[in-house]
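Trainee: Provide a 3D model corresponding to the input given below.
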Amino acid sequence: MNWYVIHTKPRGEKKVEEQLLAMGINAYCPTRNEIRLWSDRKKRIQVPVMPSIVLVNIEDKDINRVFECPGVVRYMFWLGKRALVRQSEVDILKKYLNGDYNLINTNLSNIKVGDNFSLSSFNNEKGIVNRISNNNIWIYLKSIGYSVKLKLA
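Mentor: Modelled structure (predicted):
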């Protein structure tokens, strides 16, 4: 079974996840806790990490069952094929969102822009430091073609 990326209607990620789980499809919508401020109160809510995205672990023969859920728009594609996510990447995402990872183990005073950097918590994924600010570091990961922003403090 493979993990696929599906695109949902706006702000419907958690509802789609619930409906897919009720249908017997293994779905995962990564969320994080956030405190939102209203004029009369503060409230802790679960916010999806990837807007309009839900990951589904499904066999190829059942690939079209996700469209029985009314909030699903389409599968996401990469290079003409359905986008796949490795199980190890899903596990890393779950551990990171649960706070089980120490992202950066090295002394940051020695790091400069352009240095090679290895993220031990991401299966030793190698990247290049793009930018450093007071509380953040941006690392370009060539394997996925994107920069990852990590909070230092």
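
Trainee: Now do the helices in this structure.
Mentor: 13-22, 87-97 (DSSP state H).

Trainee: And the strands in the chain?
Mentor: Ranges of strands within the chain are 2-8, 26-28, 31-37, 42-48, 53-58, 72-75, 77-78, 81-82, 84-85, 116-119, 125-132, 136-141, 146-151, based on DSSP state E.

Trainee: Switch those strands over to TSV; also include mean pLDDT, mean neighbour count and distance to residue 93.
Mentor: Where you see a C-beta, it was placed from the backbone N, CA and C, and this is true even at glycine. As requested, the strands of the chain are exported to TSV (pLDDT from 0 to 100; neighbours: other CB atoms under 10 Å; distance: least, CB to CB, whole Å):
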stretch	mean pLDDT	mean neighbour count	distance to residue 93
strand 2-8	94	19	10
strand 26-28	95	17	8
strand 31-37	91	10	11
strand 42-48	93	11	12
strand 53-58	95	21	9
strand 72-75	96	16	19
strand 77-78	91	10	17
strand 81-82	93	12	19
strand 84-85	90	14	9
strand 116-119	78	15	13
strand 125-132	83	16	13
strand 136-141	81	17	14
strand 146-151	75	13	12
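
Trainee: For my notes, please list those in CSV and give distance to residue 94 for each entry.
Mentor: Listed next are the strands of the chain as CSV, based on distance: least, CB to CB, whole Å:
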stretch, distance to residue 94
strand 2-8, 12
strand 26-28, 8
strand 31-37, 11
strand 42-48, 14
strand 53-58, 10
strand 72-75, 22
strand 77-78, 22
strand 81-82, 21
strand 84-85, 12
strand 116-119, 16
strand 125-132, 16
strand 136-141, 19
strand 146-151, 17
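
Trainee: Of the helices of the chain, which shows the lowest average pLDDT?
Mentor: For those, mean pLDDT drops lowest on helix 87-97, to a mean of 83.

Trainee: Thanks a lot, see you next time.
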